[in-house]
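> structure of the sequence below:
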Amino acid sequence: MSAPLPEALRARFQRYIEEGVSDRAAALRLKLSPATGARWALAIRRTGRAEAAPQGQPKGRGKLDPHRDFFAEIIAQDGDITMPELSAALFDATHVRAHPNAIGKFLRKLGYTYKKVTGGHRTPPCQGKTTARGLVQAPHSSSVKAPGPCCLHY
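Next up is the predicted model:
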């Protein structure tokens, strides 16, 4: 979305309208489109000023915010519930349809996270392989001090 046009331009447009210049002529003088001139003139007639409308989405948390307690209760009962199951449970209880991704985003905003359980069997490291710790060389024992340990990178 582009940025709104400057307030100074809107004030100049308003002065032209108050002087009796038509919407279209005032817009052409200021190198605006006739449609912009018509919208600004309508705003001047309605409110007395041609202010820029607020940009972005309205503040609030959307349609899922009233169901925050419902989600907390369901998650407390079964912490391993999937997002599609949450969506179906929400629809069954309240007849509100919500995409599973929207529910996931909402729960992340509330601070819920999901951590994988890493208790599965892992392959042990190979016995004959050298690790990076084995490639670090100690400085020489000469009178000249080395700048620090030297590491070999592959």
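> in stretch 22-29, what counts as buried?
Buried residues in stretch 22-29, counted by 16 or more other CB atoms under 10 Å: 23, 26, 27. For every residue, glycine as well, the C-beta is placed using N, CA and C.
> and the pLDDT at the first one?
Right, the one you point to is residue 23. pLDDT for residue 23: 94.
> so which helix or strand takes in the residue nearest to it when sequence neighbours are not counted?
Nearest residue to residue 23, sequence neighbours excluded (CB to CB, 6 or more residues apart in numbering): residue 41, at 3.9 Å. Per DSSP states H and E, residue 41 falls inside helix 34-47.
> from residue 58, how far out is the residue nearest the centre of the chain?
Nearest to the geometric centre of the chain sits residue 105, at 10.0 Å (CA atoms, centre = their mean). Distance of residue 105 to residue 58, computed by CB to CB, to the nearest Å: 17 Å.
> same thing with residue 50?
Counting by CB to CB, the gap from residue 50 to residue 58 is 22 Å.
> again with residue 49
In terms of CB to CB, residue 49 sits 21 Å off from residue 58.
> which of the two has more neighbours?
For the pair residue 49 and residue 58, the greater number of neighbours falls to residue 49 (12 against 6), based on other CB atoms under 10 Å.
> pLDDT wise, what is that one at?
Taking residue 49 on its own, its pLDDT is 91.
> could you do residue 28 as well?
So residue 28 comes in at 95 (pLDDT).
> looking at it, it is touching residue 22, isn't it?
No - using CB atoms under 8 Å, residue 28 makes no contact with residue 22, being 9.4 Å away.
> just checking, residue 3 is part of a strand?
No - looking at residue 3 with DSSP: H, G, I helix; E, B strand; the rest coil, it is coil, so not inside a strand.
> ok, it - contacts?
By CB atoms under 8 Å, 6 or more residues apart in numbering, the contact list for residue 3 is empty.
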